[in-house]
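>>> Got a predicted structure here, sequence first:
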Amino acid sequence: MSYIAAIDQGTTSSRCIVFDAAGSIVSVAQREHRQIFPRPGWVEHDAAEIWAAVQEVVAEAVGDLEITAVGITNQRETTLVWDRATGEPAANAIVWQDTRTDEQLRRFDAAFGEKAFHERTGLPLAPYFAGSKLAWLLDNGLRARAERGELLFGTMDSWLIWKLTGKHLTDVTNASRTLLMSLKTLDWDPEILAAVDIPAIMLPEIRSSAEVYGEVTSGPLAGVPLASALGDQQAALFGQTCFAPGEAKCTYGTGSFLLLNTGTTPVRSQHGLLTTVGYRIGDEPAVYALEGSIAVTGSLIQWLRDNLGLISSAAEVEELARTVPDNGGCYLVPAFSGLFAPHWRADARGVLVGLTGFVNKGHLARAALEATGWQTREVIDAMNADGRTPLAALRVDGGMTQNTLLMQFLADVLRVPVIRPTVAETTCLGAAYAAGLAVGFWPGTDALRANWRQDASWQPAWPAAEVDRELGQWRKAVQRTLDWA
Ligand SMILES: Nc1ncnc2c1ncn2[C@@H]1O[C@H](COP(=O)(O)OP(=O)(O)O)[C@@H](O)[C@H]1O
Ligand SMILES: O=P(O)(O)OC[C@H](O)CO
């Protein structure tokens with residue numbers, strides 16, 4: 001029997017999962033890595049620690065299973081520069097949540113203009129994306145070495161591809177998160193690179209999401225073709241088999257990311273959504289997506305656990321929230337990294353409003369979960385305002401979807417059924433599917449669709465008038481976050 005392996009290099013942990021031809025999980029291994037917070041608003045990762053964790057999880061999950069191909073999926077935007085000769089990171093990676101790059105973004109705006117960036121790349125000028133993080137690293141000591149060709153840039157997919165195969169590549173979904181790639185040519189935009197002073201010599205070659213990039217050179221996967229790479233949210237879209245325009249999924253992990261397949265033409269949002277590449281299979285045309293990115297959802301639950309000590313595990317938040325019937329009038333807007341979609345306000349910071357002597361920790365737990373529901377609602381409202389056909393249902397996945405109170409709240413506030421598949425690990429599954437397609441392990445996307453199974457669903461039940469009243473309160477709370485940082 002042979003299998004497909006997927007490596008998911010995420011924000012808080014790295015995983016390796018092995019799948020069989022039915023898309024069922026055969027084995028799993030996972031390791032956490034450190035979150036480094038050198039200053040408020042800064043978040044870093046040690047890429048050497050991540051590479052060590054990846055090697056460990058691969059060895060543990062693969063064991064002596066026969067692997068036909070391996071794929072990669074990864075936290076997106078997190079930016080790394082490493083030494084071409086030694087393979088050592090030149091600095092810690094700057095994580096997608098990091099907000100240090102105001103100065104670089106002002107320079108980007110002056111040199112090329114926010115409107116032109118949006119037109120070329122589909123992205124707003126925000127610290128979230130890799131481009132200004134790379135500019136910060138260059139501005140802070142790495143420029144001369146980079147210009148001499150001694151340093152390489154990559155997001156975490158590139159780092160792992162380079163470590164596994166020795167090749168300096170990225171895939172088009174990851175490249176579409178840099179502010180440096182043209183959505184039209186699917187290549188680095190030379191005018192942007194010149195305007196913002198990024199040396200092209202340090203950039204990886206952009207390839208499709210599903211093709212053989214090379215063979216793994218050492219370790220338990222030695223000789224196995226590395227055959228896919230996709231940003232984790234695009235991989236989840238693929239794993240949820242959202243292959244048709246109009247199909248959408250939302251993944252609820254550290255942050256939450258709703259992606260809507262818009263077909264082979266990029267669609268520009270006028271309401272704060274990103275235009276991104278959904279996936280590209282080999283030489284086929286790229287499939288685009290509209291994305292609503294929410295920075296803080298599951299990480300707010302971790303914050304209740306680690307910073308406030310309100311709960312001792314993420315799962316406990318549901319029990320605590322169920323000790324009260326409602327939020328007791330309080331609202332928690334977790335603008336820890338500013339606000340992402342649809343607001344894109346780097347100046348926002350978190351607020352807890354509506355406090356009275358009545359509010360207890362159960363209400364806080366409920367407000368924290370509700371924040372995920374309302375932030376999703378804002379993204380769906382933006383899609384509708386952009387004139388997209390309203391969703392008939394939302395497919396969900398990720399760690400937070402174990403929380404049934406949250407899933408019911410989502411259905412209530414989105415006013416559509418919420419559907420969870422049997423394989424909640426859709427991110428890894430998507431990377432495995434793409435790698436399997438590239439090597440002929442699966443014949444085509446119809447075979448993948450046939451693997452998809454519903455596990456559970458939730459129907460809207462809350463009266464619409466109450467939802468509207470609560471939405472009004474949430475919107476007021478969001479206003480209170482602005483103009484802070
Ligand atoms: N039962 C739960 N209720 C609410 N949040 C949860 C629950 N279980 C896990 N989480 C949250 O989900 C996140 C982990 O989900 P996962 O999909 O593994 O995320 P990621 O891939 O971003 O690391 C954590 O932020 C955690 O706080
Ligand atoms: O690693 P995750 O699941 O938190 O995903 C992070 C996203 O890719 C950031 O854009």
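Everything's here; your move. Ligands and ions are numbered 1, 2, ... in the order given.
>>> can you give me the strands in the stretch 1-150 of the chain?
Applying DSSP state E, counting those that start in this stretch to the stretch 1-150 of the chain gives strands spanning 2-9, 13-19, 25-32, 44-45, 66-74, 80-83, 93-94.
>>> and the first one, how far from the chain's centre?
Meaning strand 2-9. Here the centre of strand 2-9 is set off from its chain's centre by 18 Å, with Cα atoms, centre = their mean, to the nearest Å.
>>> likewise the last one?
With Cα atoms, centre = their mean as the basis, the distance from the averaged C-alpha position of strand 93-94 to the chain average is 15 Å.
>>> Surely residue 33 and residue 46 touch.
Yes. Here residue 33 reaches residue 46: they are 7.1 Å apart, a contact under Cβ atoms under 8 Å. Placement of C-beta: from N, CA and C, glycine included.
>>> The two: which is more packed in?
Neighbours per residue (other Cβ atoms under 10 Å) separate residue 33 from residue 46, with residue 33 holding more: 20 against 15.
>>> okay, the more buried one: pLDDT?
As predicted, residue 33 sits at a pLDDT of 96.
>>> What are the neighbouring residues in contact with it?
Residues counted as contacts of residue 33 (Cβ atoms under 8 Å, 6 or more residues apart in numbering) are 12-14, 45-46, 49-50, 53.
>>> Who are the contact partners of the one residue in the stretch 301-450 of the chain that gets nearest to ligand 1?
In the stretch 301-450 of the chain, the residue that lies nearest ligand 1 is residue 399 (2.1 Å; Cβ to the nearest ligand atom). By Cβ under 8 Å, 6+ apart, residue 399 lies in contact with 252-253, 298, 314, 424.
>>> The residues you listed: which ones sit near ligand 2?
By Cβ under 6 Å from any ligand atom, the members of these lying near ligand 2 are residue 253.
>>> Least confident of the contacts of residue 399?
residue 424 (81).
>>> Neighbours of that residue, how many?
Neighbourhood size, residue 424 [other Cβ under 10 Å]: 19.
>>> my guess is it meets residue 397, correct?
Yes. Residue 424 is within contact range of residue 397, at 5.3 Å (criterion: Cβ under 8 Å).
>>> re earlier: mind putting the contacts of residue 399 in a markdown table, distance to residue 226 included?
Shown next, in a markdown table, are the contacts of residue 399 (distance: Cβ to Cβ, whole Å):
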| residue | distance to residue 226 |
| --- | --- |
| 252 | 28 |
| 253 | 24 |
| 298 | 29 |
| 314 | 32 |
| 424 | 25 |
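>>> Among the contacts of residue 399, which one lies nearest to residue 354?
Closest approach between those and residue 354, by Cβ to Cβ: residue 298, at 22.9 Å.
>>> residues contacting that closest one?
252-256, 314, 398-400.
>>> Now with 10 Å, please.
Residues counted as contacts of residue 298 (Cβ atoms under 10 Å, 6 or more residues apart in numbering) are 11-12, 251-256, 314, 317, 372, 398-400, 403.
>>> Residue 230 is in contact with residue 175, correct?
No. Assessed by Cβ atoms under 10 Å, residue 175 is found out of contact with residue 230, at 11.3 Å.
>>> shared neighbours of these two, anything?
Shared contacts of residue 175 and residue 230, counting by Cβ under 10 Å, 6+ apart, come down to 157, 277.
>>> mind checking which helix or strand of the protein has the lowest mean pLDDT?
Sorting the helices and strands of the chain by mean pLDDT, DSSP states H and E puts helix 445-451 at the bottom, at a mean of 90.
>>> Just checking: what are the partner strands of the very next helix or strand once past it?
The element immediately downstream of helix 445-451 (helix or strand, assigned by DSSP states H and E) is strand 454-458. With DSSP bridges as the test, strand 454-458 is paired with strand 418-421 (antiparallel).
>>> near ligand 1 at all, whichever helix or strand comes after the partner strand?
Per DSSP H and E, the first helix or strand lying C-terminal to strand 418-421 is helix 426-438. No. Helix 426-438 is not in contact with ligand 1 by Cβ under 6 Å from any ligand atom; minimum separation 6.7 Å.
>>> Average pLDDT for helix 426-438, rounded please.
Taken as a whole, helix 426-438 carries a mean pLDDT of 97.
>>> gap between it and the chain center?
Here helix 426-438 is found 16 Å from its chain centre; the criterion is Cα atoms, centre = their mean.
>>> near ligand 1, which residues of the chain?
Within the chain, the positions near ligand 1 by Cβ under 6 Å from any ligand atom are 10-13, 253-254, 298-299, 301-302, 314-315, 317-318, 398-400, 402-403.
>>> for the residue lying farthest from the centre of the chain, helix, strand, or coil?
Largest separation from the mean C-alpha position in the chain: residue 357, at 37.8 Å (Cα atoms, centre = their mean). The three-state label given to residue 357 by DSSP: H, G, I helix; E, B strand; the rest coil is coil.
>>> how close does it get to residue 363?
12 Å (Cβ to Cβ, to the nearest Å).
>>> again, but for residue 290
According to Cβ to Cβ, residue 290 and residue 363 sit 34 Å apart.
>>> dump the residue contacts of residue 261.
Applying Cβ under 10 Å, 6+ apart, the residues contacting residue 261 are 237-238, 240, 242-249, 278-279, 287-290.
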